[in-house]
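Trainee: Below is the structure, and that's it, no one-letter string:
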């Protein structure tokens with residue numbers, strides 16, 4: 001069984017964490033997900049005051065440097081902080097492929113960020129899609145060309161809204177193989 005731990009990085013909405021946990025357990029074959037009780041404070045060194053954002057790679061390095069957790073195969077950080085990587089204005093998330101940790105940001109997933117009315121269902125759906133996407137990267141999946149596949153790269157919230165919360169047929173076969181190999 002693939003065991004995934006959700007880790008709060010700074011602040012993170014508990015209800016969203018619970019919904020993402022549930023969805024990850026349903027989306028990946030033979031997978032269980034838990035929410036860790038402790039939170040990881042966001043490191044000041046990751047903050048870029050000129051951008052008003054946090055460098056996601058710095059946070060991932062902090063997560064990776066944590067002592068190993070015995071019964072966990074993957075760690076997914078969840079934060080309210082606005083994240084970026086050099087060369088992009090922002091990222092919804094980032095992952096270290098092939099077994100490393102991943103992180104998603106809830107900051108730009110709320111409809112209110114785009115001047116819309118709050119929509120809890122849409123917000124949780126967006127968070128679930130980004131969580132599945134980044135966890136897929138930790139298993140070694142790349143970006144998919146299928147616009148509706150959850151592994152399609154989201155350059156904007158419109159891309160996130162257009163894609164589904166599930167894998168296309170080809171990516172799902174890849175996920176099945178990778179999880180099976182990991183558990184062997």
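Mentor: Arrived safely, thanks for sending. Quantities reported herein were computed from a predicted structural model and do not represent experimental measurements.
Trainee: contacts, neighbours, all on C-alpha from now
Mentor: Will do.
Trainee: leaving aside the residues next to it on the chain, what's closest to residue 144?
Mentor: residue 152 (4.7 Å; CA to CA, 6 or more residues apart in numbering).
Trainee: Let me see the mean pLDDT of stretch 52-68.
Mentor: The pLDDT scores in stretch 52-68 average 92.
Trainee: Okay, buried residues for it please.
Mentor: 53, 54, 55, 56, 57, 58, 59, 60, 62, 63 (16 or more other CA atoms under 10 Å).
Trainee: Please apply the same query to stretch 74-92.
Mentor: Neighbour-count burial for stretch 74-92, with 16+ other CA under 10 Å as criterion, is recorded at 74-85, 90-92.
Trainee: Filter these down to just the ones in strands.
Mentor: Using DSSP state E, the subset of those located in strands is 74, 75, 76, 77, 78, 79, 83, 84.
Trainee: ok, the last one - contacts?
Mentor: What it means is residue 84. 53, 54, 55, 56, 90, 91 (CA atoms under 8 Å, 6 or more residues apart in numbering).
Trainee: now the residues you listed in a markdown table, with distance to residue 115?
Mentor: Shown next, in a markdown table, are the contacts of residue 84 (distance: CA to CA, whole Å):
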| residue | distance to residue 115 |
| --- | --- |
| 53 | 20 |
| 54 | 22 |
| 55 | 25 |
| 56 | 25 |
| 90 | 18 |
| 91 | 19 |
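Trainee: Nearest to residue 2 among those residues?
Mentor: Set against residue 2, the nearest of the contacts of residue 84 by CA to CA is residue 56 (24.3 Å).
Trainee: what does stretch 50-66 contact?
Mentor: By CA under 8 Å, 6+ apart, stretch 50-66 touches 42-43, 45-48, 77, 81-85, 93-96, 100-103.
Trainee: Check which residues of the biggest strand by length in the chain are buried.
Mentor: Criterion DSSP E: the longest strand present in the chain is strand 31-40. Using 16+ other CA under 10 Å as the test for burial, strand 31-40 gives 32, 33, 34, 35, 39, 40.
Trainee: likewise stretch 111-130?
Mentor: Across stretch 111-130, burial judged by 16+ other CA under 10 Å covers 111, 123, 124, 125, 126, 127, 128, 129, 130.
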